[in-house]
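A.B. asks: Sharing a model prediction with you, sequence too.
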Amino acid sequence: MVAFQAKAGTDEKNKIAGTWEYSAPTAPYPYTSGRIVLKEAESGLAGELVVEGNRLPASSVAFENNELVMEIEIEYNLVTVKFKLVDGSLVGEANSPDGPVEVKASKVE
């Protein structure tokens, strides 16, 4: 049973690990589009936001029950992004200092 639970956790990470192309049309420039890179790490998942070649590491990444939550410092503000995995796409929102921003992402790798 323990092996099954460990495998289930790995399967969950495999669903989400990879590179995702995101779109956030109402976000401030240059954050309207870019990539989210998620990788397996010893402590679970690690991630970063890649915008115009700049890499912004996530301070925390959690994926459970098809929900992804990331925290990223953007221009000195801690932004929490919450997604649901729906039909192979990530759909959610970020809590920007200017209010909620809708974000969608599709896996590219």
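C.D. replies: Thanks, I have the structure now.
A.B. asks: now the helices: where do they sit in this structure?
C.D. replies: 2-16 (DSSP state H).
A.B. asks: where in this structure is pLDDT low?
C.D. replies: Residue ranges of the chain with pLDDT under 70: 1-13.
A.B. asks: can we see that at 90?
C.D. replies: The chain contains residues with pLDDT under 90 at 1-15, 42-44, 96-98, 109.
A.B. asks: List the buried residues for stretch 64-79?
C.D. replies: For stretch 64-79, the neighbour count (16 or more other Cβ atoms under 10 Å) marks 68, 70, 72, 74, 79 as buried. Quick note: C-beta positions are derived from backbone N, CA and C, even for glycine.
A.B. asks: wait, the last one sits on residue 93?
C.D. replies: No: with contacts counted by Cβ atoms under 8 Å, residue 79 stays clear of residue 93, the gap being 10.4 Å.
A.B. asks: Between which two of the buried residues of stretch 64-79 is the distance greatest?
C.D. replies: 68 and 74 (16.9 Å; Cβ to Cβ).
A.B. asks: Once you drop chain neighbours, what's closest to residue 92?
C.D. replies: Among residues not flanking residue 92 along the chain, residue 83 sits closest, at 3.6 Å (Cβ to Cβ, 6 or more residues apart in numbering).
A.B. asks: same thing with residue 26?
C.D. replies: residue 101 (5.4 Å).
A.B. asks: correct me, but the one you found touches residue 27?
C.D. replies: Yes: look at residue 101 against residue 27 with Cβ under 8 Å: they come within range, at 4.8 Å.
A.B. asks: what do these two both touch?
C.D. replies: The contact sets of residue 101 and residue 27 overlap at residue 94 (Cβ atoms under 8 Å, 6 or more residues apart in numbering).
A.B. asks: just to revisit the earlier point, please give me every residue in contact with the residue nearest to residue 92.
C.D. replies: Contacts of residue 83 by Cβ under 8 Å, 6+ apart are 67-70, 90-92, 103, 105.
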